[in-house]
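> I'll drop the sequence and a predicted model, then ask my questions.
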Amino acid sequence: MDYNLARVNMVKSQAVPNMVLDEALLTGMLRVSREAFTIPAHKTLAYSDMPVAWNDSGRCSLTPLQTGQMIQELALSAGDRVLVIGAGSGYECALLADMGMKVFALESDAELAARGAKLTEGSDVTWRVGPLADGWSEAGRYDGILICGAVAAVPNKIIGQLQPDGALTVIKGLTGDPVMQGVKISGVPAREERIFDTVAPILPGFGDSGFRV
């Protein structure tokens, strides 16, 4: 399979027609080898418009379009500090680092985190293994927070880790929901804005409590 061509087709057929137009983001999507972050059996699916398995335990990626839409909505600039929650094997982290961000990757699965650290070695990505719903307050406040999966609600403790002018993007929903919502949370007090309707894999570790508009 020609993965270089697959990356080009992903950008042309999935990102650009859906108004993912940020130049640095598109350049990163063309440059970062998404197939490296999945399991060997699913490499040929890496650029399809569907979640792809990170490992054999059921943890899956966001789709390329979901990733692009959520990162674009953060409206980041080179040098910004970004927390990626549910970082998995590190694709979104690698993409953000390619865009010039200082990335903090939080993952609850130690094996996935070790793989992600190896795949993003040499990039400005710092990894931590810990409960996803706690965030990573010790590293300071963030210009952006990306939650890589669907959650019932975003805990206030995570929203409180944003800079006052920062933003968080996440997909909100419950198992079995026919439609979930990609949302952006920003401002003080925090406001929630719907970005798109979608479905996504549920991210473990989040209960049905936290910030709601």
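Done, it's in. Numbering: from 1, shown residues only.
> how about stretch 30-48: buried residues?
Residues Val32, Arg34, Glu35, Phe37, Thr38, Lys43, Ala46, Tyr47 are the ones in stretch 30-48 that count as buried (16 or more other Cβ atoms under 10 Å). (Each C-beta comes from the backbone N, C-alpha and C, glycine too.)
> report the distance from that stretch to the chain centre.
On the basis of Cα atoms, centre = their mean, to the nearest Å, stretch 30-48 sits 15 Å off its chain's mean C-alpha point.
> what's it in contact with?
Under the criterion Cβ atoms under 8 Å, 6 or more residues apart in numbering, residues 1, 3, 6-11, 52-56, 61, 64, 88-91, 94-95, 98, 116, 119 lie in contact with stretch 30-48.
> if you set the cut-off to 6 Å instead, what comes out?
Stretch 30-48 is contacted by residues 1, 3, 6-7, 10-11, 52-53, 89, 91, 94-95, 98 when judged by Cβ atoms under 6 Å, 6 or more residues apart in numbering.
> weed out the non-buried ones from those residues.
With neighbours counted using 16+ other Cβ under 10 Å, these contain these buried positions: Ala6, Arg7, Met10, Val11, Val52, Ala53, Ser89, Tyr91, Ala94, Leu95, Asp98.
> now do the phi/psi pair for the third one.
Here the main-chain torsion angles of Met10 (degrees, to the nearest 10) amount to phi -60, psi -50.
> surely it and Pro64 touch.
Yes - under the criterion of Cβ atoms under 6 Å, Met10 lies in contact with Pro64, with a separation of 5.2 Å.
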